[in-house]
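J.: Predicted model and sequence below, questions to follow.
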Amino acid sequence: LSVSGAMRVFVPILTLLAFGAAAAKPSAGLKTWGRFSRLPYPGDKAFLHGTFPENFIWAVGTAAYQVEGAFDKDGKGLSIWDTFTRGGNRMATGDVGSDSYHNVHADVRALRQLGVSHYRFSLSWARIFPNGTRGSLNERGAAYYRALLRRLREIRVQPVVTLYHWDLPEQLQRSLGGWSHPDMVAIFRDYADFCFRAFGDDVKLWITVDNPFVVAQHGYGTGVVAPGVKNDPDLPYRVGHNLLKAHAAAWHLYNRHYRPRQRGKVSMALASHWIKPSRTRLESLRECQCSLDHVLGWFAQPLFVDGDYPACMKERLGSRLPSFTQEERERVRGTADFFALSHGATLSFQLINDSLKFGQLEDLDLRMLLYWVSAEYGKPPIFVVQSGWYVLGNTKTEDPKHMYYLKRFIAEALKSIVIDGVNVIGYTAWSLIDGFEWHREYGIRRGLYYVDFNTPDMKREPKTSATFYRCVSAAKPKSCSWCGSIASCLSARPLVSQVETAPTQFADPSVYLWNISNNGELIKLEGFSAPPLRRAAHCADYVDEIRQVGVNHFHFALNWSALVPTGDVAHPNATLLRYYRCFTRQLLLANVTPVVTLWHHTRQRSSLPAPLDAANKWLNRKTPQAFADYARLCYRELGSSVKMWITLNEPNDEMVSYQEGHEMLRAHALAWHVYDREFRRTQGGKVSLALHMDWVEPAFSFSREDVEPAKRVLDFSVGWFAEPVFGSGDYPAGMRSWLRQLNSLELPVFNEKDRRLVKGTYDFFAMSHFSSKLVTHAKEDSYTYTAMLEVQHMIDTTWIMSPRPVVPWGLRKALNWVKEHYSDVPIYVMANGVQEDPARFKDSLRVYYLYNYINEALKAHTLDGVNLKGYFAYALNDQRAPGFGLYGHVHEEVIVKASLSNYRNIIQHNGFPLPGAAPQQCPASPQPCLGCGVLDKSPVVGFLSLVGSGVLITLGLIIYYTTKRHKEYY
């Protein structure tokens with residue numbers, strides 16, 4: 001080996017040597033849940049861009065029975081899995097597996113392609129000792145592993161060798177009852193002695209037993225895995241006891257006879273779930289701690305703390321749990337040179353008993369588990385020796401779910417190192433190749449490499465997860481920087497900043513009946529009135545709240561069905577019209593420009609006048625003309641105050657049929673032409689429609705097979721309405737050709753008259769954007785698969801959720817999509833916001849959301865040249881959009897949320913100026929303080945003046961807040 005190669009081998013080992021006897025205290029991990037609950041949200045949940053330590057171990061792993069095959073070749077004896085898979089209702093075996101026994105070259109090639117530093121594999125005990133003891137030594141079996149180690153040495157990949165990964169020789173199970181017999185301790189020690197002697201010169205990291213919890217609990221308790229023993233509820237604890245003593249015997253053997261020369265390390269691979277409290281009570285936290293003690297602590301506390309079982313286990317199990325003598329405690333304690341942690345699909349969500357959750361909630365949080373292990377066991381070096389997820393058995397080389405779970409777990413490991421200070425020394429992606437998945441047989445796949453089990457040579461092909469892991473693990477720097485870059489703080493020319501909502505329209509003490517079944521008229525009931533309000537409602541009620549935000553535009557929607565309840569524009573609701581006229585004028589007086597939507601699409605109701613609603617809604621050919629007449633009324637009555645109109649807001653809903661959408665497009669076009677012909681010259685306004693446009697990203701951006709589905713989804717969701725108006729005057733060619741492939745005739749055809757009518761009916765491009773999603777063509781989950789488009793919807797598991805993903809860079813991509821398709825069209829983001837608990841007035845998620853989404857909009861404008869004209873934050877208050885508001889409400893009190901203050905600050909600075917940059921908008925010059933000199937010249941007078949001023953200010957604040965009843969949260 002070269003000097004650099006030698007260092008690559010031994011530096012991780014030196015790191016392990018640094019693990020001293022840090023004082024470990026039982027239940028020290030109890031602080032974990034409180035600690036993480038206090039971390040800043042959502043900043044702590046955001047993706048961390050950074051790199052791993054220089055000598056971080058990047059590994060992949062396999063287990064012998066899963067991949068080797070050759071179950072009866074070259075003198076190998078039967079294992080308990082060879083027997084177990086031939087009994088009961090089991091349908092498949094690992095007789096061939098991935099046939100790694102005959103494909104060492106293919107596995108080594110995969111390792112070289114991945115660029116990992118370490119490869120974890122297990123030895124088949126029955127291949128080396130066919131009947132389990134040294135007297136049955138099979139030299140050909142030992143030669144197989146020597147050859148594998150030699151090949152690893154050639155490609156400079158370090159082995160991490162597991163002595164026992166669940167495949168006990170069948171003879172030991174038959175003659176002794178397997179791990180239930182105390183004699184297994186000495187037998188395992190002898191097997192370990194041979195392996196240390198035969199292979200130890202090439203192996204610096206050893207795992208004695210993999211996942212003893214599963215071996216004991218499910219091999220000898222539930223019978224889910226081999227050897228399938230069940231019906232004795234106390235047997236798992238006796239098995240676990242023997243496993244611990246066998247491990248300790250092997251560790252002491254290595255420590256005494258092999259460590260001085262071989263300089264390796266030995267540990268036991270312990271697996272665990274993660275658990276979170278169902279209630280915010282100390283009792284729930286203690287139950288969480290007890291749950292972890294029964295799974296992980298069962299083996300970890302004896303090894304890392306005091307040589308004995310956790311107090312919680314002893315209290316609840318009593319005499320069912322074996323006890324250690326004082327001598328045995330001393331012999332077991334400290335017999336692990338590092339903490340080997342397994343995490344992921346094998347245990348979490350599959351093999352953890354509900355009874356061991358103790359009423360708490362299982363969660364998949366590797367970062368919190370790492371912190372708990374570090375706190376509970378005295379900050380040992382932690383090597384994640386198994387981690388990953390799975391995909392269905394019919395998945396081939398594209399495994400998006402596995403890839404994004406790997407991304408999540410690796411990102412959590414990085415945060416654990418950088419933020420939490422946990423000594424994580426390595427990460428092992430599981431597994432290298434597809435194989436036999438234990439009790440799941442071939443129903444799932446976990447490999448980074450796809451194995452075609454139907455080919456004679458078990459052909460291996462890299463999956464997308466392999467490409468991803470290679471990107472992360474190969475070569476320097478060991479970087480974890482994916483999907484986007486750190487937000488740039490840049491300033492640009494003024495952008496319009498606005499809020500969007502639908503205001504409460506008017507208050508009338510009279511009581512009406514709505515004659516919905518006939519003509520839709522409102523019939524006033526004489527002699528009845530609503531309870532009196534504290535004061536008369538006025539159209540200016542919301543204007544002060546809007547003005548305090550600091551915006552210069554305000555977007556709200558009219559209600560067609562309320563404004564023209566009969567459908568006859570000759571008989572509008574005069575009271576409501578007066579309210580709208582008053583409201584728009586009050587906005588102008590407050591220097592806020594009104595932006596008005598004529599029809600806001602909702603799934604709950606059509607908002608069409610009653611006669612149209614009852615007569616086939618938008619499928620009625622008369623509806624577009626009726627909408628144009630309604631638009632004319634609004635232009636005429638409100639156009640002197642309104643210079644920016646939205647005809648239809650978010651009509652491109654997936655619940656809208658293609659025929660309905662066709663009529664909506666005609667309605668928009670007719671309304672646009674009414675304004676263009678009759679009002680534009682005198683009023684000077686602009687008209688367009690607003691489309692919902694969440695971003696759609698290919699799950700594999702480097703795969704054409706996913707790029708095409710992403711384009712297809714955008715064609716069907718956005719191009720459906722955008723292309724006829726902003727483009728060709730017809731539906732997207734890709735949309736029509738796809739439907740033609742499906743023999744669908746649902747998409748209407750524009751005749752030449754309608755094409756001319758619709759094409760070009762815009763003055764700007766308006767879009768609402770809230771989130772992003774990933775799509776792939778590989779079907780994985782039927783609940784999120786759209787069969788008509790043949791796309792699988794999914795999310796990146798590292799994204800912040802609330803409840804939709806928070807993906808700021810998606811807005812920038814959406815804006816660039818519009819630019820690329822429709823040139824330099826002016827663009828307005830008409831709605832952008834996030835849902836958060838309405839009771840959370842310090843709405844940190846919304847603060848984070850607005851800051852980062854606005855920053856991405858600024859990048860699109862400044863760096864990408866997008867003609868972005870304005871941005872509307874959604875929404876003004878929680879009354880109309882629960883959970884989205886900048887203002888909250890408690891009874892009648894209006895609460896100013898933290899997000900409002902932050903949004904106002906962005907508006908005042910006109911973006912994100914660089915430190916030291918010239919101010920974008922100069923504030924008014926401060927007025928001189930004429931009385932300030934008094935404080936210097938006469939301290940007594942100054943003091944009295946200060947007290948008097950304080951009293952006056954206090955009285956003023958009391959009067960102000962009594963009147964306004966506003967409360968600000970900063």
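T.: Here it is on my side, so go on.
J.: Got phi/psi on T593?
T.: Dihedral angles of T593 (phi, psi; degrees, to the nearest 10) stand at phi -80, psi 120.
J.: I'd assumed F556 was in contact with it.
T.: No - using Cβ atoms under 8 Å, T593 is not in contact with F556; the gap is 11.8 Å. (Each C-beta comes from the backbone N, C-alpha and C, glycine too.)
J.: And the strands in the stretch 651-800 of the chain?
T.: Counting by DSSP state E, counting those that start in this stretch, the stretch 651-800 of the chain has strands at residues 686-692, 695-698, 765-768, 772-776, 785-786, 791-794, 800-801.
J.: Can I get those strands in a markdown table including mean neighbour count?
T.: A markdown table is the format used below for these (neighbours: other Cβ atoms under 10 Å):
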| stretch | mean neighbour count |
| --- | --- |
| strand 686-692 | 24 |
| strand 695-698 | 22 |
| strand 765-768 | 25 |
| strand 772-776 | 24 |
| strand 785-786 | 16 |
| strand 791-794 | 22 |
| strand 800-801 | 17 |
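J.: Can you tell me which of those strands is nearest to A28?
T.: strand 800-801 (29.7 Å; Cβ to Cβ).
J.: Return the residues in contact with V807.
T.: Counting by Cβ atoms under 8 Å, 6 or more residues apart in numbering, V807 touches 695, 771-772, 796, 799.
J.: Report pLDDT for it.
T.: Listed pLDDT for V807 reads 97.
J.: Would you verify that A269 is located in a strand?
T.: Yes - assignment of A269 by DSSP: H, G, I helix; E, B strand; the rest coil places it within a strand.
J.: Okay, and the beta partners of it?
T.: Here A269 sits in beta bridges with D210, A340, going by DSSP bridges.
J.: so how far is A466 from it?
T.: In this view, A269 and A466 are 23 Å apart by Cβ to Cβ, to the nearest Å.
J.: A540 now?
T.: 63 Å.
J.: and P159, which of the three is it?
T.: Applying three-state DSSP: P159 is strand.
J.: OK, contacts around it?
T.: 118-121, 149, 152, 202-203, 205.
J.: cool, P709 as well?
T.: Per Cβ under 8 Å, 6+ apart, neighbours of P709: 698, 775-777, 789-791.
J.: again, only using 6 Å
T.: 775, 777, 791 (Cβ atoms under 6 Å, 6 or more residues apart in numbering).
J.: okay but the last one is in contact with V775, surely?
T.: Yes - counting by Cβ atoms under 6 Å, a contact exists between V791 and V775, whose distance comes to 4.6 Å.
J.: Find the residues that touch each one of those two.
T.: Joint contacts of V791 and V775 (Cβ under 6 Å, 6+ apart) are 709, 713.
J.: Now for the closest residue to F194 other than its chain neighbours, how many residues are close by?
T.: Using Cβ to Cβ, 6 or more residues apart in numbering and skipping residues adjacent in sequence, the residue nearest F194 is R134, 6.1 Å away. Neighbours of R134 under the rule other Cβ atoms under 10 Å: 13.
J.: Same question for the one 5 residues further on.
T.: E139 is flanked by 11 other residues according to other Cβ under 10 Å.
J.: quick one: pLDDT of it?
T.: Reported pLDDT for E139: 98.
J.: pLDDT weak spots in this protein?
T.: 1-24, 346-352, 474-537, 916-970 (pLDDT under 70).
J.: Tell me how it divides into domains.
T.: Split into domains by the TED database, the chain comes to 30-474, 543-766+802-909.
J.: Out of those domains, which gets nearest to S782?
T.: That would be, of these and by Cβ to Cβ, domain 30-474, which comes in at 10.3 Å.
J.: looking at this, G334 is in a helix?
T.: No - secondary structure of G334 (three-state DSSP): coil, not part of a helix.
J.: residues touching G219, list them.
T.: By Cβ under 6 Å, 6+ apart, the residues touching G219 are 225, 227.
J.: What are the phi and psi values at it?
T.: According to degrees, to the nearest 10, G219 has phi -80, psi -40.
J.: The closest residue to Y822 other than its chain neighbours - how many residues pack around it?
T.: Computed as Cβ to Cβ, 6+ apart, the closest residue to Y822 that is not its neighbour in sequence is F726, at 4.5 Å. When neighbours are defined as other Cβ under 10 Å, F726 has 22 of them.
J.: next one: the one 3 residues further on
T.: Other residues near G729 number 18, with proximity taken as other Cβ under 10 Å.
J.: give the contact list for it.
T.: So G729 contacts 755, 758-759 (Cβ under 6 Å, 6+ apart).
J.: Kindly report the same for Y903.
T.: Y903 touches 850, 873, counting by Cβ under 6 Å, 6+ apart.
J.: Now with 10 Å, please.
T.: 497, 499, 549-551, 846-847, 850-851, 854, 873, 886, 897 (Cβ atoms under 10 Å, 6 or more residues apart in numbering).
J.: close enough to count as contact, Y164 and L172?
T.: No - when contacts are counted by Cβ atoms under 10 Å, Y164 is not listed as touching L172 (11.1 Å).
J.: Please enumerate the shared neighbours of these two.
T.: With Cβ under 10 Å, 6+ apart as the test, Y164 and L172 both reach 125, 179, 188, 191.
J.: Would you reformat the contacts of P159 as CSV and include distance to K76?
T.: Listed next are these as CSV, based on distance: Cβ to Cβ, whole Å:
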residue, distance to K76
H118, 26
Y119, 21
R120, 21
F121, 16
L149, 18
L152, 21
D202, 22
V203, 21
L205, 25
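J.: Just among those residues, which is most surrounded?
T.: Busiest of these [other Cβ under 10 Å] is R120, holding 31 neighbours.
J.: what secondary structure does that residue sit in?
T.: Under three-state DSSP, R120 comes out as strand.
J.: Tell me what it is bridged to.
T.: With DSSP bridges as the rule, R120 is bridged to G61, V160.
J.: Wait, it touches V160, no?
T.: Yes - assessed by Cβ under 10 Å, R120 is found in contact with V160 at 3.9 Å.
J.: Common neighbours of those two, please.
T.: With Cβ under 10 Å, 6+ apart as the test, R120 and V160 both reach 57, 59-61, 205, 207, 269, 340, 383, 385, 426, 428.
J.: Dump these to JSON lines, plus distance to S641.
T.: Listed next are those as JSON lines, based on distance: Cβ to Cβ, whole Å:
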{"residue": "I57", "distance to S641": "67"}
{"residue": "A59", "distance to S641": "67"}
{"residue": "V60", "distance to S641": "66"}
{"residue": "G61", "distance to S641": "69"}
{"residue": "L205", "distance to S641": "75"}
{"residue": "I207", "distance to S641": "75"}
{"residue": "A269", "distance to S641": "72"}
{"residue": "A340", "distance to S641": "71"}
{"residue": "F383", "distance to S641": "68"}
{"residue": "V385", "distance to S641": "69"}
{"residue": "G426", "distance to S641": "66"}
{"residue": "T428", "distance to S641": "66"}
